[in-house]
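Trainee: The amino acid sequence is not available; the structure is as follows:
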């Protein structure tokens with residue numbers, strides 16, 4: 001009986017040692033890969049851009065760049081630099097560094113090198129302030145993974161000409177995050193993340209577990225509305 005007990009103890013010791021060795025050999029959780037982006041022109045190509053207006057460029061995941069490269073306008077041998085101003089982390093207002101501009105130009109430094117036409121005078125008024133009915137937070141199954149999403153429901157459809165929605169977490173005076181807007185929709189997915197890693201440009205931040213949030217609209221010329229009244233974020237992670 002004593003020999004049997006000693007044998008069982010020996011087996012348990014071996015099993016524990018094997019499990020420990022397996023734990024030591026198992027790789028640690030892989031760190032999040034470095035976020036890289038591709039710059040895309042967000043100002044629509046259709047129609048003429050006011051001669052004194054700006055264009056908007058955003059950084060989208062999936063490219064090879066960590067920040068916005070130099071962007072300029074070219075027409076034949078003429079090159080026009082663009083003054084850069086951050087609207088939100090990864091979203092930029094670019095203004096031609098000339099008093100007036102007219103005609104068709106290539107936009108270099110963004111995906112596809114698109115062409116835009118400057119011509120008509122006068123930019124429209126800035127977008128109206130969003131009115132928020134409610135904000136939802138939920139988990140959604142996507143390709144075998146759980147995706148975390150936050151959706152804002154507005155009191156009226158997103159106006160034509162609005163290209164982005166800004167989010168201000170808590171009492172922050174500057175935007176913390178932005179998403180592409182879909183005009184005529186009355187809601188927008190403000191945050192979406194799959195797993196622990198979410199590619200964010202420098203300066204952006206994920207939503208907190210709770211607290212207030214405000215939103216603002218950005219139009220195709222980089223004009224920003226006044227932020228909405230604060231709305232409570234549903235509690236969650």
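Mentor: Happy to help now that I have it. What you see is a predicted model, and the numbers here were worked out from it, not measured in a lab.
Trainee: Identify each buried residue in stretch 104-115, please.
Mentor: 105, 107, 109-110 (16 or more other C-beta atoms under 10 Å). Every C-beta, even on glycine, is put in place using the N, C-alpha and C of the backbone.
Trainee: and what of stretch 181-198?
Mentor: By neighbour count with 16+ other C-beta under 10 Å, stretch 181-198 contains the buried residues 181, 187-191, 193, 198.
Trainee: which pair in the residues you listed spans the largest distance?
Mentor: Pairwise distances across the buried residues of stretch 181-198 peak at 20.5 Å for 187 and 198 (criterion: C-beta to C-beta).
Trainee: just to revisit the earlier point, redo the buried residues of stretch 104-115 as TSV? Include pLDDT.
Mentor: Converted to TSV, those look like this (pLDDT from 0 to 100):
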residue	pLDDT
105	95
107	95
109	94
110	96
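Trainee: Need those residues in a markdown table (columns: distance to residue 47 and secondary structure).
Mentor: Putting the buried residues of stretch 104-115 into a markdown table (distance: C-beta to C-beta, whole Å; DSSP: H, G, I helix; E, B strand; the rest coil) gives the following:
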| residue | distance to residue 47 | secondary structure |
| --- | --- | --- |
| 105 | 14 | strand |
| 107 | 15 | strand |
| 109 | 22 | coil |
| 110 | 18 | coil |
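Trainee: which among the residues you listed gets closest to residue 84?
Mentor: For the buried residues of stretch 104-115, the residue nearest residue 84 by C-beta to C-beta is residue 109; the value is 10.7 Å.
Trainee: which residues does the closest residue to the closest one other than its chain neighbours contact?
Mentor: Using C-beta to C-beta, 6 or more residues apart in numbering and skipping the chain neighbours, the partner closest in space to residue 109 is residue 71 (3.7 Å). Listed by C-beta atoms under 8 Å, 6 or more residues apart in numbering, the contact set of residue 71 reads 39, 57, 82, 84, 94, 107-110.
Trainee: buried ones in the strand or helix carrying residue 212?
Mentor: Following DSSP states H and E, one finds residue 212 within strand 211-219. Buried residues in strand 211-219, counted by 16+ other C-beta under 10 Å: 212-219.
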